[in-house]
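>>> next one to model:
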Amino acid sequence: MKNIKYLVFQIFLVISLIPFLTNAQTNKKQDQINKLEAAVNKAKAKHELNEHKLAKADSLYAVGDQLVAEADSEYQQVEKDIKLLDKYYASNHKLLSKLLKSKDKDEAAKAKKDLKTLETKYKNETKSIDKRIKNLTKKANKGNADIIKGSDAKKAIETSLEESQKALDAANENYEAAVNQNKEKKEVKK
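Here you go, the predicted structure:
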């Protein structure tokens, strides 16, 4: 009788533990799916970060290209200004030089004074143009440096982006396989 009670107790214990055991297996599978989903989210975040970095590198390259283009167009304007200044100086210098040779002393003195004023103005304008050229050179150099930084960063990030895309694809495949496998097992049980 003791053995029968003991046997009934064991059977009852086994029957009562079956839901817990199957529930534990289900929880393990759900935990595995949750881990795979977390891996997918992590891979997506890394991929998005790399895309953001790539966008920054492209932006840096574009800004550098724009700076170089602006410096080039401004430099062309400076060249036009230099030609106009030289033309103005040459024509007025020639006229004032002729007036210096004039027999009229007042006219020659005024021409001498005007010539000094013209030369001072020419020197000041030349200094101003030199400063503009210096600033344009800095701007162009900054643009070239940005282009180099942007292209170097882009090259480095593109490989990282490819790797993160592969990791994202692999994580998605693993996740999809686990979800599909779990669905198939549930359908078989029904």
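>>> check the gap between residue 156 and residue 54 for me.
10 Å (Cβ to Cβ, to the nearest Å). Every C-beta, even on glycine, is put in place using the N, C-alpha and C of the backbone.
>>> next: residue 102.
Residue 102 is 72 Å from residue 54, by Cβ to Cβ.
>>> neighbour count winner among the two?
residue 54 (17 against 13; other Cβ atoms under 10 Å).
>>> tell me which stretches of this structure form helices.
2-100, 105-189 (DSSP state H).
>>> dump these to a markdown table, plus mean pLDDT.
A markdown table is the format used below for the helices of the chain (pLDDT from 0 to 100):
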| stretch | mean pLDDT |
| --- | --- |
| helix 2-100 | 80 |
| helix 105-189 | 86 |
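>>> show the contacting residues for the nearest residue to residue 149 once chain neighbours are set aside.
Closest residue to residue 149 apart from its sequence neighbours, by Cβ to Cβ, 6 or more residues apart in numbering: residue 60 at 5.8 Å. Listed by Cβ atoms under 8 Å, 6 or more residues apart in numbering, the contact partners of residue 60 are 146, 149-150, 153.
>>> switch to 10 Å and redo it
Each residue near residue 60 by Cβ atoms under 10 Å, 6 or more residues apart in numbering is listed here: 145-154.
>>> going through those residues, which ones are buried?
Buried members of the contacts of residue 60, scored by 16 or more other Cβ atoms under 10 Å, are 146-147, 150, 153-154.
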